[in-house]
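Peer 1: Next come a sequence and a model predicted from it.
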Amino acid sequence: MVWLWPVRSSNTMNRKVYTLLFLVTICIVSLFVRSCVMHRETVYFRYDIPPELPQAYQPSHNATTEAGVALGKTLFFSTELSRNNTVSCSSCHDQEKAFAESRTTSEGIDGQKVNRNSMPLFNLAWVDRFFWDGRAASLEEAVNFPITAHNEMDSDTNRLVQRLNRSARFRKQFYAAFGIEEVRYVHVRMALAQYLRSITSYASPLDRMYPIVSELMAQGLSQPEIMQREFGFSDKTIQTLQLCETCHSNITYGNNKMKNNGLDISNAGDIGFAVVSGKKTDEGLFKAPSFRNVAFSGPYMHDGRFATLEEVLEHYNSGIQPNPNLSEELRDEAGDPVRLNLGEREKKEILFFLTRLMSDTSFITNKKYAL
Ligand code: HEC
Ligand code: HEC
């Protein structure tokens with residue numbers, strides 16, 4: 001049996017060598033497969049916007065990429081962000097409504113009431129103050145509110161992240177977007193912010209007129225004169241629109257100003273911007289939204305109190321309340337609320353401006369924002 005030793009020994013040797021070779025091969029193959037499967041190339045998102053617009057804001061720590069936008073979109077339409085898998089961002093932000101909602105005030109998880117009306121979402125890459133009261137300064141910060149609010153999605157962020165990490169599909173998408181093996185909450189926020197930044201609306205009839213308008217302005221005509229020339233608006237309509245635009249100045253993305261437009265005589269119901277500033281004089285101040293797509297996004301105001309734009313216009317025409325913090329623009333020389341005394345012609349023209357000239361109908365059906 002002596003001869004068995006060397007044989008056995010050589011056998012063992014062989015086996016060792018084979019095992020080693022086998023392991024090395026497995027390693028090489030798995031590294032190769034992995035690098036194929038997990039291959040990741042950063043493709044930056046390109047904004048398809050007219051050249052006259054300023055650059056979209058891109059935070060250096062969260063540049064917008066194709067993969068980030070795709071992931072953010074999946075998350076936006078996913079009920080997984082809510083505690084019991086029933087509510088998604090899109091439950092309260094409906095593309096057909098320019099990503100606002102038809103309810104007067106929102107309803108979150110388990111039918112719980114939210115005290116404000118949802119807001120439209122577009123051109124947010126040009127905005128630096130979010131929510132009706134302006135309490136968030138970035139989108140990364142803003143998206144945390146609905147996810148964690150007890151009456152909206154009520155998520156425990158640790159549990160949310162555990163759930164996402166258990167999903168192979170999500171892990172893959174997070175890897176593609178951020179090159180990470182393990183999802184953290186910060187990445188959820190970053191991806192949602194990227195998707196929100198990617199949503200743009202720039203094809204209203206007024207946008208399409210830009211080449212003519214800029215040409216006429218170069219010839220010395222003012223914007224109101226051009227509007228008058230193009231649409232035959234009355235002087236009073238033009239004056240009124242000029243008043244409106246002191247607060248709703250930038251049709252593209254609003255002007256991020258906090259104002260009081262005299263909805264109520266007192267601010268007991270909702271103190272608005274005072275939550276941020278802590279100042280008594282900021283009570284009842286709210287963000288003045290953009291006029292763009294306003295025909296789609298009703299009901300109107302922070303509490304959705306007006307169902308139609310006719311009602312909104314009647315508020316400005318005859319219903320402004322002497323709120324102690326009513327903004328100057330809406331006071332007369334005596335400091336009282338202005339009364340516009342608009343005639344039928346002016347009302348019709350202003351509504352035409354708001355509903356027709358401001359409406360980007362291609363936006364609300366644009367498939368690139370839907371799943
Ligand atoms: C239960 C309804 C509801 C859900 C769900 C919801 N939102 Fe909102 N959203 C609102 C309401 C209401 C407001 C206005 C809140 C306020 O001003 O306090 C708002 C405001 C916003 C704003 C501010 C827009 C601006 O112009 O200032 C952003 C951004 C936003 N939501 C994104 C999201 C995202 C992303 C999600 C999902 C993670 C989400 N929302 C889920 C109801 C909802
Ligand atoms: C002093 C500034 C100011 C002026 C001037 C002003 N607004 Fe407003 N507007 C606001 C503010 C602030 C809000 C939001 C108020 C709130 O919800 O509490 C608002 C809300 C609106 C809304 C609702 C938007 C939405 O998404 O719910 C419309 C429509 C509107 N204004 C139209 C007009 C028109 C038309 C004029 C001119 C006749 C006008 N505004 C003049 C400040 C102003």
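Peer 2: Thanks, I have the structure now. Ligands and ions are numbered 1, 2, ... in the order given.
Peer 1: So Met190 sits against Asn62, correct?
Peer 2: Yes: with contact defined as Cβ atoms under 8 Å, Met190 reaches Asn62; the gap is 4.7 Å. Just so you know, the C-beta spots here come from the backbone N, C-alpha and C atoms, and that holds for glycine as well.
Peer 1: For the two, indicate the residue with more neighbours.
Peer 2: Higher neighbour count among Met190 and Asn62: Met190, with 24 against 20, using other Cβ atoms under 10 Å.
Peer 1: How about residues contacting the helix or strand encompassing that one?
Peer 2: Per DSSP states H and E, Met190 falls inside helix 185-198. The contact list for helix 185-198 (Cβ atoms under 8 Å, 6 or more residues apart in numbering) reads 45, 47, 56-58, 62, 64-65, 68-69, 71-73, 75-76, 81, 89, 121, 124-125, 138-144, 147, 157-158, 160-161, 164, 174, 177-178, 180, 369.
Peer 1: Tell me the helix or strand right after that helix.
Peer 2: helix 205-208.
Peer 1: For that following helix, name the packing helices and strands.
Peer 2: If you count contacts as 3 or more Cβ pairs under 8 Å, 6 or more residues apart in numbering; DSSP states H and E, helix 205-208 packs onto no helix or strand.
Peer 1: just to revisit the earlier point, just the buried subset of the contacts of helix 185-198, please.
Peer 2: Taking 16 or more other Cβ atoms under 10 Å as the criterion, what is buried in those is 45, 56, 62, 64-65, 68-69, 71-73, 75-76, 81, 89, 121, 124-125, 138-140, 142-144, 147, 157, 160-161, 164, 174, 177-178, 369.
Peer 1: and ligand 1, which of the residues you listed reach it?
Peer 2: Phe76, Leu81, Cys89, Leu121, Leu139, Ala142, Val143, Ile147 (Cβ under 6 Å from any ligand atom).
Peer 1: Just the ones of those residues in strands?
Peer 2: Among those, no member falls in strands (DSSP state E).
Peer 1: Keep only those of the residues you listed that are in helices.
Peer 2: With DSSP state H as the criterion, helices contain Phe76, Cys89, Leu139, Ala142, Ile147 from among those.
Peer 1: Setting aside sequence neighbours, what's the nearest residue to the first one?
Peer 2: Which is Phe76. With Cβ to Cβ, 6 or more residues apart in numbering as the criterion, Phe76 has its nearest non-adjacent residue at 4.5 Å, and that residue is Cys89.
Peer 1: shared neighbours of Met190 and Asn62, which are they?
Peer 2: Listed as contacting both Met190 and Asn62 by Cβ under 8 Å, 6+ apart are Gly68, Glu140.
Peer 1: dump the residue contacts of the residue nearest to Phe76.
Peer 2: Cys89 touches Leu75, Phe76, Phe77, Leu81, Pro146, Leu192, counting by Cβ under 8 Å, 6+ apart.
Peer 1: and it, what pLDDT?
Peer 2: Cys89 carries a pLDDT value of 98.
Peer 1: cool, and Leu21?
Peer 2: 72.
Peer 1: ok, now Ser10?
Peer 2: For Ser10, the model assigns a pLDDT of 47.
Peer 1: Contact partners for Asn261?
Peer 2: So Asn261 contacts Cys247, Phe286, Ala288, His315, Tyr316, Ile320, Leu326, Ser327, Leu330 (Cβ under 8 Å, 6+ apart).
Peer 1: Contacts for the strand or helix carrying the second one next, please.
Peer 2: Counting by DSSP H and E, the element that carries Phe286 is strand 286-287. Identification of contacts with strand 286-287 by Cβ under 8 Å, 6+ apart yields 129, 131-134, 254, 256-261, 272-273, 301-302.
Peer 1: same thing but 7 Å
Peer 2: Contact partners of strand 286-287, identified using Cβ atoms under 7 Å, 6 or more residues apart in numbering, comprise Arg129, Trp132, Asp133, Gly134, Asn256, Met258, Gly272, Phe273, His302.
Peer 1: Keep those, but drop any that are not near ligand 2.
Peer 2: Applying Cβ under 6 Å from any ligand atom to these, those adjacent to ligand 2 are His302.
Peer 1: just the contacts of strand 286-287 now: which is nearest ligand 1?
Peer 2: Nearest to ligand 1, judged by Cβ to the nearest ligand atom, of these is Trp132 at 3.4 Å.
Peer 1: if I pick the residue nearest to Leu326 when sequence neighbours are not counted, what's in contact with it?
Peer 2: Nearest residue to Leu326 in three dimensions, chain neighbours excluded: Gly262, at 4.7 Å (Cβ to Cβ, 6+ apart). By Cβ under 7 Å, 6+ apart, the residues touching Gly262 are Ile320, Gln321, Asn323, Leu326, Leu330, Pro337.
Peer 1: Having no further points to raise, I will conclude here.
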